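A.B. asks: requesting a structural model of the entry that follows:
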Amino acid sequence: MLDPYKIREDFPILKRKINNNPLIYFDNAATSQKPRQVIEAIKNFYENHNANVHRAVHTLSQEATELYEEAHEEVAKFINARGMEETIFVRGTTEAINLVAYSWGCRNLTKEDEVIVSLMEHHSNLVPWEILSKLRGFDVVYVNVKKDGTLDYEDFENKISKNTKIVCISHVSNVSGVVNDVKKIAKVAHEHNALTLVDGAQSVPHLPVNVKDLEVDFLAFSGHKMLGPTGIGVLYGKREILETMEPFQGGGEMIRDVSFNSAEGHCSITWNVLPWKFEAGTPNVCGGVGLMEAIKYLRGIGMENVKAHEEMLTKYAMQKMAECRKVEIYGPKQASKKCGIIPFGVDGLSSHDVALFLDNYGIMVRSGFHCAQPLHELLKLKSSARVSFYIYNTREEIDRFVEVLKEIEQI
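C.D. replies: Numbers count the residues shown, from 1 in each chain. Down below sits the predicted model:
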C-alpha cells in the first residue's frame with residue numbers, strides 16, 4: 001500500500017487553507033492536483049529547453065524534440081502500447097474522441113451503419129456522435145444502464161448487430177465510479193466486426209490499463225486527471241487502424257511534403273508518419289513534458305497500489321456515510337464495483353447547496369450533472385454531489401467530511 005501522508009508532502013496546494021480550514025480535495029474526477037515534481041519539470045523546460053520541435057537543427061530545438069518524443073514513449077509504455085506511433089498527443093479526452101469521430105467516422109460511417117453508445121457516457125463520448133450522425137445519417141444506438149448504475153450487458157448484446165461499426169464506452173463512469181468490463185465488450189464488438197473506443201479518462205489515472213490485454217482499438221484519456229497539466233491528453237489507436245485514417249486537422253508538422261503542381265493547379269500532399277500525422281501545428285511540448293513526469297511519479301508508486309488505496313478509501317467512505325440519516329449514496333452500494341467515486345445526495349438539499357456548505361469547511365466536492373445528464377435522468381436524479389479520491393487522500397479527511405455531513409443533516 002502507498003503512504004498518502006508521505007505523498008502529500010509533494011503537493012504544495014494541499015497546505016492551503018480554505019475558509020480557515022485545511023483543504024480537503026475530493027474533486028479528483030474533475031482534475032487532480034499536481035506534485036512538485038511535475039511543477040518543477042514544467043518550470044525546468046521553460047527555463048532551459050523551450051523551443052519548437054521537429055523544426056530546427058539548433059540545440060534547444062533538438063533538446064525539446066528529444067523530450068517530446070520521450071514523453072510519447074513513456075505514455076506508450078504506461079499503457080503497454082506497441083510504441084509511440086500509437087500514442088497521439090491531443091488537448092484531452094474530448095479532443096481524442098472527436099479525432100476518432102471526424103477522422104475515422106466521417107470516412108467510414110454511412111446511413112446504413114450504427115454507433116453504439118451507453119447511457120452512462122460523459123457528454124464527450126456522446127455529443128460528437130450525435131453531431132456526426134446528423135452529417136452522415138447513421139443511427140446512434142444507446143445501451144441501457146440498470147437502476148444500480150451498472151451497464152446492462154444483456155441489452156448491449158441484444159443491440160449490437162452487423163450494422164454496428166464502433167462501440168463507444170467509458171471504462172469507468174465519471175458519475176458512479178462503475179468499472180465496465182471493456183475487455184468483454186471489445187470481444188463482443190470484434191465478433192461483430194466492430195471497433196471499440198474506450199473513454200479512459202477515469203480509468204488510466206486510477207487503474208493498471210494494458211491496451212494489449214484489453215484488446216481495445218482506441219483509448220482516450222487526459223493528463224490533468226493523472227497529476228499532469230491541463231491541455232494535454234492522449235489518443236491511443238492500433239497502428240494498423242491509424243495508418244488507414246486521414247488527418248483530423250491540417251497544417252504544419254502533420255505533413256511530410258507539399259508541392260504545387262502548376263499543370264493541374266493544385267498541391268499534392270504527403271502525410272507525415274505516425275503519430276505526427278495527427279498532431280498538426282505547434283504541439284503542447286511542455287504539456288507532454290509535464291505528463292511524462294506525472295507518469296514517472298505514478299509508476300514509482302505503482303498502479304496496483306493506486307487502485308488498492310482508492311478501493312480502501314471508497315469502502316471506508318461508504319461505511320462512514322451510511323451512518324448519516326439523510327444521506328443517500330447513488331449507484332452500486334458495493335465498493336468492489338467502483339473506482340474511487342461516490343455520488344450522493346442529502347435529503348431536502350440540492351447538490352449545489354451541499355457543495356457550498358462543504359466548501360465553508362474547506363471540503364471540495366463536485367455538484368451538478370458531471371457532464372452526464374442522460375444518466376441522471378435515467379436514475380431520476382435532478383443532480384448529485386460527488387466525492388472522488390486519489391493518492392493523497394486519507395481516512396482522516398473522510399472522517400471530517402462525514403462529520404460535516406452530519407452537521408448538514410441538522411439544518
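
A.B. asks: for the residue of the chain most remote from its centre, what are its contacts?
C.D. replies: The C-alpha centroid of the chain is most remote from residue 263, which lies 48.1 Å away (C-alpha atoms, centre = their mean). Shown in contact with residue 263 (C-beta atoms under 8 Å, 6 or more residues apart in numbering): no residues. In short, each C-beta sits where N, CA and C put it, glycine included.

A.B. asks: distance of it from residue 270?
C.D. replies: Between residue 263 and residue 270 the distance is 18 Å, computed by C-beta to C-beta, to the nearest Å.

A.B. asks: residue 161 touches residue 192, doesn't it?
C.D. replies: Yes: contact criterion C-beta atoms under 8 Å: residue 161 and residue 192 qualify, at 6.8 Å.

A.B. asks: looking at those two, which one has more neighbours?
C.D. replies: Applying other C-beta atoms under 10 Å to residue 161 and residue 192 shows that residue 192 carries more neighbours, namely 15 against 11.

A.B. asks: hmm, residue 163 and that one touching each other?
C.D. replies: No: at 9.0 Å, residue 192 does not count as touching residue 163 under the criterion of C-beta under 8 Å.

A.B. asks: now name the helix or strand holding the residue farthest from the centre of the chain.
C.D. replies: Following DSSP states H and E, there is no helix or strand that holds residue 263.

A.B. asks: buried residues, the lengthiest helix in the chain. List them.
C.D. replies: In the chain, assigned by DSSP state H, the helix with the most residues is helix 59-79. Neighbour-count burial for helix 59-79, counted by 16 or more other C-beta atoms under 10 Å, picks out 61, 63-65, 67-69, 71-72, 74-76, 78-79.

A.B. asks: how about those in TSV, adding pLDDT?
C.D. replies: Converted to TSV, the buried residues of helix 59-79 look like this (pLDDT from 0 to 100):
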residue	pLDDT
61	97
63	98
64	98
65	97
67	98
68	98
69	98
71	98
72	98
74	98
75	98
76	98
78	98
79	98
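
A.B. asks: how many residues are close by residue 272?
C.D. replies: Neighbours of residue 272 (other C-beta under 10 Å): 18.

A.B. asks: nearest spatial neighbour of it, skipping sequence neighbours?
C.D. replies: residue 256 (4.8 Å; C-beta to C-beta, 6 or more residues apart in numbering).

A.B. asks: what's near enough to touch the one you found?
C.D. replies: Counting by C-beta under 8 Å, 6+ apart, residue 256 has contacts 270, 271, 272, 273.

A.B. asks: related to what we said a few turns ago, give me the distance from the longest helix of the chain to the chain's centre.
C.D. replies: Computed by C-alpha atoms, centre = their mean, to the nearest Å, the chain-centroid distance of helix 59-79 equals 21 Å.

A.B. asks: do the same with stretch 249-256
C.D. replies: Mean C-alpha position of stretch 249-256 versus that of the full chain (C-alpha atoms, centre = their mean) differs by 26 Å.

A.B. asks: what of stretch 130-142?
C.D. replies: 23 Å.

A.B. asks: check stretch 180-188 too.
C.D. replies: On C-alpha atoms, centre = their mean, the centre of stretch 180-188 falls 18 Å from the chain's centre.

A.B. asks: buried sites along that stretch?
C.D. replies: Buried, per 16+ other C-beta under 10 Å, within stretch 180-188: 180, 182, 185, 186, 188.

A.B. asks: and the strand or helix carrying residue 398, what does it pack against?
C.D. replies: Here residue 398 sits within helix 395-409, counting by DSSP H and E. Applying 3 or more C-beta pairs under 8 Å, 6 or more residues apart in numbering; DSSP states H and E, we find helix 395-409 packed against strand 24-25, helix 303-321, strand 341-346, helix 351-359, strand 363-364.

A.B. asks: and the angle from the second one to strand 341-346?
C.D. replies: Helix 303-321 and strand 341-346 meet at an angle of 10 degrees, taking axes from the mean of the first three to the mean of the last three C-alpha atoms, to 10 degrees as the criterion.

A.B. asks: domains in the protein, by residue range?
C.D. replies: 4-30+302-409, 40-299 (automatic domain parsing).

A.B. asks: now find how far off-centre the last one is within its chain.
C.D. replies: From the chain centre to the centre of domain 40-299 is a distance of 10 Å (C-alpha atoms, centre = their mean).

A.B. asks: ok, and the closest non-adjacent residue to residue 293?
C.D. replies: residue 41 (3.9 Å).

A.B. asks: which parts of the helix or strand hosting that neighbour are buried?
C.D. replies: Take DSSP H and E as the rule and residue 41 turns out to sit in helix 36-48. Residues of helix 36-48 classed as buried: 37, 38, 39, 41, 42, 45 (neighbour count, 16+ other C-beta under 10 Å).

A.B. asks: list the contacts of residue 130.
C.D. replies: Applying C-beta under 8 Å, 6+ apart, the residues contacting residue 130 are residue 140.

A.B. asks: centre-most residue in this structure?
C.D. replies: Short answer for the chain (C-alpha atoms, centre = their mean): residue 201, at 1.2 Å.

A.B. asks: dihedrals phi and psi, residue 6?
C.D. replies: Here the main-chain torsion angles of residue 6 (degrees, to the nearest 10) amount to phi -70, psi -40.

A.B. asks: where's it relative to residue 306, distance?
C.D. replies: From residue 6 to residue 306 the distance is 14 Å (C-beta to C-beta).

A.B. asks: repeat for residue 70
C.D. replies: 23 Å.

A.B. asks: do the same with residue 102
C.D. replies: Computed as C-beta to C-beta, the residue 102 to residue 306 distance reads 33 Å.

A.B. asks: just residue 383 next, same as before
C.D. replies: Residue 383 is 29 Å from residue 306, by C-beta to C-beta.

A.B. asks: how about JSON lines for the helices and strands packed on helix 395-409, with mean neighbour count, distance to residue 113 and mean pLDDT added?
C.D. replies: JSON lines is the format used below for the helices and strands packed on helix 395-409 (neighbours: other C-beta atoms under 10 Å; distance: least, C-beta to C-beta, whole Å; pLDDT from 0 to 100):
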{"stretch": "strand 24-25", "mean neighbour count": "23", "distance to residue 113": "43", "mean pLDDT": "98"}
{"stretch": "helix 303-321", "mean neighbour count": "18", "distance to residue 113": "36", "mean pLDDT": "97"}
{"stretch": "strand 341-346", "mean neighbour count": "24", "distance to residue 113": "33", "mean pLDDT": "97"}
{"stretch": "helix 351-359", "mean neighbour count": "18", "distance to residue 113": "38", "mean pLDDT": "97"}
{"stretch": "strand 363-364", "mean neighbour count": "20", "distance to residue 113": "43", "mean pLDDT": "98"}
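
A.B. asks: nice, that's everything, thank you.
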